[in-house]
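>>> return a 3D structure for these sequence lines:
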Amino acid sequence: MPGHRLLLCLATIGWTERELARRVGRHQTTIVRWVRRGLDDRRIANRLETLAAAHEANRLS
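The predicted model follows:
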């Protein structure tokens, strides 16, 4: 997942980078690296996409 898509998902969900780090059990510097270089953990990327889609659907309802 490209870093810009990661940031878009976080904005849609309403999480900060710090909150993502807490929820996935990673250090905040890892999240900063994901934003800069892309998120290569497919499991986390898929979950973020799913959460963002659910938030978007609820916002439109």
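>>> pLDDT (mean, whole number) over stretch 22-40?
Stretch 22-40 carries an average pLDDT of 97.
>>> chain center to that stretch, what's the gap?
9 Å (C-alpha atoms, centre = their mean, to the nearest Å).
>>> change the start of the numbering to 27 and stick with it
All set: I'll call the first residue 27, so the last point we hit is now stretch 48-66.
>>> so what touches it?
27-29, 32-33, 41, 43-44, 46-47, 70-71, 74 (C-beta atoms under 8 Å, 6 or more residues apart in numbering). Yep, even glycine has a C-beta here, placed from its N, CA and C like the rest.
>>> now the terminal residues of it, how far apart.
End-to-end span of stretch 48-66 (C-alpha to C-alpha, to the nearest Å): 18 Å.
>>> with stretch 46-60 instead?
One end of stretch 46-60 sits 11 Å from the other (C-alpha to C-alpha).
>>> so for that stretch, what gets flagged as buried?
For stretch 46-60, burial by neighbour count (16 or more other C-beta atoms under 10 Å) applies to 46-47, 56-57, 60.
>>> dump the residues you listed to a markdown table, plus secondary structure and distance to residue 85.
Output for those, formatted as a markdown table (DSSP: H, G, I helix; E, B strand; the rest coil; distance: C-beta to C-beta, whole Å):
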| residue | secondary structure | distance to residue 85 |
| --- | --- | --- |
| 46 | helix | 19 |
| 47 | helix | 24 |
| 56 | helix | 28 |
| 57 | helix | 24 |
| 60 | helix | 24 |
